[in-house]
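[1] Quick one, what's the 3D model for this:
(chains A, B, C and D)
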2 protein chains.
Amino acid sequence: MTISDDTTPLAALLAQLPPPEPGKRKGHLHGNTVARLRNLIVTGVLAPGTKLNERELCDQLAISRTPVREAIKTLIQDGLLRALPNHSAVVSELDLDEVVALIEVVTVVEGLAGELAAKHISDEAVAEIGMLHYRMLLHHARDELPGYFEANKAFHRRIVELSGNSILLWVWELLALRVDRARFSSNLWPTRWRTAIEEHQQILDALTARDSARAGQALRSHVRNGLEGLVASLRAKQTAAQPETERGKKQGGASLR
Amino acid sequence: MTISDDTTPLAALLAQLPPPEPGKRKGHLHGNTVARLRNLIVTGVLAPGTKLNERELCDQLAISRTPVREAIKTLIQDGLLRALPNHSAVVSELDLDEVVALIEVVTVVEGLAGELAAKHISDEAVAEIGMLHYRMLLHHARDELPGYFEANKAFHRRIVELSGNSILLWVWELLALRVDRARFSSNLWPTRWRTAIEEHQQILDALTARDSARAGQALRSHVRNGLEGLVASLRAKQTAAQPETERGKKQGGASLR
DNA sequence: GGTCGGCATCTTGCATGCAAGAAAATTTGA
DNA sequence: TCAAATTTTCTTGCATGCAAGATGCCGACC
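    Sure thing, here's the model as predicted:
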């Protein structure tokens, strides 16, 4: 399965899983399983190209095939897995072209969110965004990466929510999955902190001023900047690891043996 | 189940289904089921608010619960069904607010598609778009509604494809489901034919000229115009049918009995 | 008469069983 | 010795079974 040595491929990995919620009072195995697998994929623990084996997964997750199968179907729809013609599923590779494509889409989506949000936003909501911004600053000051990213995402998400457009939020969530995955894949990010924070400030200003056009513009350039940095780092990483590239594709399946 | 009399609710409806593909050589029950149910929902045969009963569905589709359950999960993700807290699924109502929200998103999505497509588009592809445009004209001239809509959708879809942005296409497909559903729901559409065709011509011109900005602009206004007409007609229909509004919610479930 | 509690039924969630298609391994023919 | 074919094993798709919540009904109590 590509990570660590091949003797205990999934076993070790799945140990790192968020334990399936202590008080899992029945009836949520599906959702749990989706969340768990999604996590593994987004964080890169399950490497692109890894072939999923239902039975193996069942053993490791200690559940039966039914919820696993359903979760797989779900993740295929999300684009995190890809269905092979033979009906098996592999972790989809995160294509560089796809990430580039993602940039364009996320840019217009968040841009629109900014425009719409600026129109309706309440004082309270502005304050809330400000709070999230400063929360991010706090984590930045403390050099806390995970917190920083979480706050950053919350900032963006909240703006999309405040657009008041449910469809936009829905689409954004779908896109965010892929963005997160790309983020995790390139593990260099600290570079743009300073500018990112300045850009957030501008977004906040535009929202405060209820300047729709400016908010949209600020968000678009911020998102584009950020994601293009991401692509650059991914590209660098990929060319650096060129010889390794061919590796992660063929195993899985028989790897347990 | 809201349609026809309650004695043979699903039975009659499902008879209208596209027969499950004669040569269904095993292994595609899931996809088939999704497609069939999706069709029923998009075309409004399964009315918003209808509660789905797994066993009933199984009986009617003559398959077991497993693929039905999977299909339901899939459609929930697509937003065509909604999961109740009790774990049952109902056909999601198509909220007017949601359609309005849809407008905004589809507008920017297709606008972006136009901009991107205009940049890369080949002569061959321009010709193809032209062909689709004239195919639509043909159906228009013949007053063939279904053909008209199909050609119209193909025209738009192809432009999104030609954007070369796989993510954009993915998102567009998701949105198109909901748009189609709204279209079917308001069954008045012939009004804008003339202008729609003119707008298509402008889009085609802009693409031919490889004028990215103009193509984007043309698509945005075309999409917005079209969908706003749709909303207007939906709104009219809804207020007209006000007394009926409360009806389609409680039945289903026990309705077979 | 209305409401609350207990019982019967229904509906769904998850597990498991079986068979068909795919992959792998072994044998057999050149 | 290599390759093709056959057999064996694995993997998945679908069906079914069982048990736990959820729902609805009815009677009893207030």
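[2] Would you indicate which residues of the lengthiest helix in chain A are buried?
    Counting residues, the longest helix found in chain A (DSSP state H) is helix A:212-240. Using 16 or more other Cβ atoms under 10 Å in any protein chain shown as the test for burial, helix A:212-240 gives A:212, A:214-220, A:222-224, A:226-227, A:229-231, A:233-234. The way it works is simple: take the backbone N, C-alpha and C, and place the C-beta from them, glycine included.
[3] For the residue positioned nearest the centre of chain A, report the pLDDT, please.
    Nearest residue to the geometric centre of chain A (Cα atoms, centre = their mean): residue A:180, 2.1 Å. Model confidence at residue A:180, given as pLDDT, is 95.
[4] go on, residue A:20?
    For residue A:20, the model assigns a pLDDT of 41.
[5] same question, the one 5 residues further on
    Listed pLDDT for residue A:25 reads 53.
[6] Output the contacting helices and strands for the longest helix of chain A.
    helix A:96-120, helix A:166-185, helix A:193-208 (3 or more Cβ pairs under 8 Å, 6 or more residues apart in numbering or on different chains; DSSP states H and E).
[7] could you give the mean pLDDT of the last one?
    Per-region confidence: helix A:193-208 scores 93 on mean pLDDT.
[8] What residues of that helix count as buried?
    In helix A:193-208, counting by 16+ other Cβ under 10 Å, buried: A:193, A:196-197, A:199-200, A:202-204, A:206-208.
[9] Taking helix A:212-240 as reference, get the angle to that helix.
    On the basis of axes from the mean of the first three to the mean of the last three Cα atoms, to 10 degrees, helix A:193-208 is oriented at 160 degrees to helix A:212-240.
[10] How far off centre is helix A:193-208?
    Helix A:193-208 sits 22 Å away from the centroid of its parent chain (Cα atoms, centre = their mean, to the nearest Å).
[11] Next: the first one.
    On the basis of Cα atoms, centre = their mean, helix A:96-120 is displaced by 15 Å from the centre of the chain it belongs to.
[12] Which secondary structure elements does whatever helix or strand comes next after that helix sit against?
    Proceeding C-terminally, helix A:96-120 gives way to helix A:123-141 as the next helix or strand, assigned by DSSP states H and E. In terms of contacts (3+ Cβ pairs under 8 Å, 6+ apart), helix A:123-141 is packed against helix A:145-162, helix A:193-208.
[13] residues in contact with the residue of the stretch 1-150 of chain A found nearest chain B?
    The stretch 1-150 of chain A approaches chain B most closely through residue A:101 (4.2 Å), counting by Cβ to the nearest Cβ. Residue A:101 makes contact with B:164-168 under the criterion Cβ atoms under 8 Å, 6 or more residues apart in numbering or on different chains.
[14] With respect to DNA strand D, which of the residues you listed is nearest?
    residue B:166 (23.2 Å; Cβ to the nearest atom of the strand).
[15] With DNA strand D in mind, check whether the helix or strand encompassing residue A:58 reaches it.
    Using DSSP H and E, residue A:58 sits in helix A:54-61. Yes. Using Cβ under 7 Å from any atom of the strand, we find that helix A:54-61 touches DNA strand D at A:54-55.
[16] tell me the angle of the following helix or strand past that helix relative to helix A:166-185?
    Counting by DSSP H and E, the next helix or strand C-terminal to helix A:54-61 is helix A:65-78. Here the directions of helix A:65-78 and helix A:166-185 differ by 100 degrees (the same axes, to 10 degrees).
[17] out of the helices and strands packed on helix A:123-141, nearest to residue A:172?
    Checking the helices and strands packed on helix A:123-141 against residue A:172 by Cβ to Cβ gives helix A:145-162 as the closest, at 4.6 Å.
[18] in that closest one, what counts as buried?
    A:148-149, A:151-162.
[19] How about stretch A:160-175?
    Buried, per 16+ other Cβ under 10 Å, within stretch A:160-175: A:160-172, A:174-175.
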